[in-house]
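Novice: Output the structure for:
(one chain, ligands or ions: 1)
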Amino acid sequence: MPGMTSLQGLIELLPPSAPLSDAVLVAATALAPQVVAWRRHLHQHPEVAFQEVETAQFIADTLGAIPGLTVTRPTRTSVVAELRGAHPGPTIAVRADIDALPIHEENDVEYRSTRDGAMHACGHDGHTAIVLGLATLLAAHATRLPGAVRFIFQHAEELSPGGAEELVQHGVMDGVAQVIGLHLWAPMPVGRIGILAGPAMAAPDNFHCTITGKGGHAAIPHECVDPIAIGAQVVTALQQVVSRTVDPLDPVVLSVTQFIAGTAFNVIPNSAYLAGTVRTFDPALRQSIPAQMERVIRGIAEAFGATVDFHYEHGYRPVVNDRALAERLQTVVARTFDHGTLIDLRPTMGGEDFSAYQQRAPGVFAFVGAGNVRRGIVHPHHHPRFQVDERALDVGLRYLAAATIELLTDE
Ligand code: NI
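Specialist: The predicted structure is shown next:
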């Protein structure tokens, strides 16, 4: 493991009286090239949700080379490592997601994906590398650490029902006092960190429905029940569920993202298929939306003589950061980084299964800026040209190191 020798040397150079967080932060900077190297390796070898076999092996091998860690494999493609400090204290969990997306990479970089149709287009390669770095750093300081740190390398964030819930079922949150995680965030400039106190990411639900009418010749519409004309009205009317039945101060997104019908210009098809997503924060609103949607869809379809088969599926819970913990970690950022690093952020309607861990312990999910307009790092997450400014890896590592030490040394 290149970088380790210099890391140990550096740690030995620091006076033993230096505060633990200072010692770890100095060492973090020395580890930065190694973290970039890990990230690039992962980027070149992406694996999509539930198929992270080589990724998990790479993580387990890397962790296995770090003295002091107990490495376990809760599921086939996930890895958990535990570090016990030398003194009593709480157990803090740190989570990284490890899966890639079924996207063909269009970036022309030396470490581009070597696999057609798979790409780390959300930054999970970076999350994994950062938490590998954190495990390395903290293990090197184990004799000074209280409590324990559990490093969770979670599979399948991108595909509901997600890996987080599965890992929680396997007990990875047992005994955990607090849980933290981060997302590299391309819409935010590198060098910035955002920590929301309260709701941070929405609950991503999905729906699909089939409207069945009566197909026939396009020139004889009066003898048909046209599912396309009905579906078009359904799409329009669904927007009124958002704009006319929901309190305007409650955020909600309802997007119809698929409308599939018809095979020829002169044929009215028998049925039309609609699907999409609903994003909410408020639990009561989330529960009320499916019935409202169904009433509208069924009402319109029945008015014109069609029938409807409607399905609504709840996805991840919303990510809601513990307020007190978030404020504490905001203070850590203000103390650890330059003035201006901590920025105000608005919640996003994107979803994340980090929420599963937050059901078991207070947790905070932070956003670490990874964009850079000047260097052309402007593409959104899940885009074939998505990139991160790799300096964000060092920021993320130092943030997690400072945050973990803060929570471990809780009185
Ligand atoms: Ni992601």
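Novice: okay, CA-based contacts and neighbour counts for the rest of this
Specialist: Noted.
Novice: which ones are touching the residue most central in space within the chain?
Specialist: When Cα atoms, centre = their mean is applied to the chain, the residue found nearest the centroid is E352 (4.4 Å). By Cα atoms under 8 Å, 6 or more residues apart in numbering, the residues touching E352 are 157, 201-203, 316-319.
Novice: for the stretch 51-200 of the chain, what spans make up the strands?
Specialist: Secondary structure of the stretch 51-200 of the chain (DSSP state E, counting those that start in this stretch): strands at 69-72, 79-84, 87-97, 146-154, 178-189, 193-194, 198-201.
Novice: Out of those strands, the one nearest A18 is which?
Specialist: For these, the distance to A18 is smallest for strand 146-154, at 16.1 Å, taking Cα to Cα.
Novice: what's next to that closest one, contact-wise?
Specialist: Strand 146-154 has contacts (Cα under 8 Å, 6+ apart) with 77-98, 128, 131, 135, 163-164, 167, 172, 408-409.
Novice: Could you turn the buried ones of those into a PyMOL selection?
Specialist: Selection of the buried residues among the contacts of strand 146-154 in PyMOL, burial being defined by 16 or more other Cα atoms under 10 Å:
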select buried, resi 77+78+79+80+81+82+83+84+85+89+90+91+92+93+94+95+96+97+98+128+131+135+163+164+167+172+408
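Novice: A56: neighbour count?
Specialist: 24 (other Cα atoms under 10 Å).
Novice: Turn the strands of the stretch 51-200 of the chain into TSV, including mean pLDDT.
Specialist: Formatted as TSV, the strands of the stretch 51-200 of the chain follow (pLDDT from 0 to 100):
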stretch	mean pLDDT
strand 69-72	98
strand 79-84	98
strand 87-97	97
strand 146-154	97
strand 178-189	97
strand 193-194	98
strand 198-201	98
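Novice: TSV please, covering the ones you listed and showing distance to A23.
Specialist: Shown next, in TSV, are those (distance: least, Cα to Cα, whole Å):
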stretch	distance to A23
strand 69-72	20
strand 79-84	18
strand 87-97	18
strand 146-154	15
strand 178-189	21
strand 193-194	22
strand 198-201	32
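Novice: Show the contacting residues for T212.
Specialist: Taking Cα under 8 Å, 6+ apart, one finds 227, 270-272, 306-308 in contact with T212.
Novice: rerun at 6 Å
Specialist: 270-271, 306-307 (Cα atoms under 6 Å, 6 or more residues apart in numbering).
Novice: out of those residues, which is most surrounded?
Specialist: With neighbours set by other Cα under 10 Å, the maximum within the contacts of T212 is found at S271, which has 22 neighbours.
Novice: Which residue comes closest to that residue once chain neighbours are left out?
Specialist: Leaving aside its chain neighbours, S271 sits nearest to T212 (4.3 Å; criterion: Cα to Cα, 6 or more residues apart in numbering).
Novice: Please name the bridge partners of that neighbour.
Specialist: Applying DSSP bridges to T212 gives these bridge partners: S271, T307.
Novice: how close does it get to S243?
Specialist: Distance, T212 to S243, using Cα to Cα, to the nearest Å: 27 Å.
Novice: again with H87
Specialist: Counting by Cα to Cα, the gap from H87 to S243 is 56 Å.
Novice: Helices of the chain, start to end?
Specialist: Counting by DSSP state H, the segments of the chain that form helices are 4-13, 20-44, 53-64, 124-140, 163-169, 227-245, 283-303, 323-336, 355-358, 391-408.
Novice: Name the stretch among those helices that sits most buried.
Specialist: Most buried of these, by mean neighbour count (mean count of other Cα atoms under 10 Å): helix 124-140, with a mean of 25.
Novice: I260 and A272: what is the separation?
Specialist: I260 is 6 Å from A272, by Cα to Cα.
Novice: Apologies, that question was intended for L132.
Specialist: Taking Cα to Cα as the measure, L132 falls 48 Å from A272.
Novice: How about A326: what's its closest non-neighbour residue?
Specialist: Closest to A326 by Cα to Cα, 6+ apart is A197, at 5.2 Å.
Novice: Who are the contact partners of the one you found?
Specialist: By Cα under 6 Å, 6+ apart, the neighbours of A197 are 321, 323, 326.
Novice: and the gap between it and D226?
Specialist: Distance, A197 to D226, by Cα to Cα: 49 Å.
Novice: before we move on, what about L31?
Specialist: 63 Å.
Novice: Same check on P88?
Specialist: As judged by Cα to Cα, P88 and D226 stand 70 Å apart.
Novice: OK, contacts around I211?
Specialist: I211 sits next to 227, 271-272, 307-308 when contact means Cα under 6 Å, 6+ apart.
Novice: what's around the closest residue to it other than its chain neighbours, how many residues?
Specialist: In this structure, I211 finds its nearest non-sequential neighbour in V308, 4.7 Å apart by Cα to Cα, 6+ apart. The tally of other residues near V308 (other Cα under 10 Å) stands at 20.
Novice: Return the distance of the nearest residue to T409 once chain neighbours are set aside relative to L20.
Specialist: What sits nearest to T409 in space, not counting adjacent residues and going by Cα to Cα, 6+ apart, is P146, at 6.7 Å. The spacing between P146 and L20, counted by Cα to Cα, is 11 Å.
Novice: Same check on I343?
Specialist: Taken as Cα to Cα, the span from I343 to L20 is 26 Å.
Novice: what's the answer for T136, then?
Specialist: Distance, T136 to L20, using Cα to Cα: 15 Å.
Novice: cool, N270 as well?
Specialist: For N270, the distance to L20 - Cα to Cα - is 69 Å.
Novice: Would you confirm that F207 contacts Y312?
Specialist: Yes - F207 is within contact range of Y312, at 4.3 Å (criterion: Cα atoms under 6 Å).
Novice: Could you measure from the nearest residue to P74 once chain neighbours are set aside over to T277?
Specialist: Leaving aside its sequence neighbours, P74 sits nearest to H170 (Cα to Cα, 6+ apart; 6.5 Å). Counting by Cα to Cα, the separation of H170 from T277 is 29 Å.
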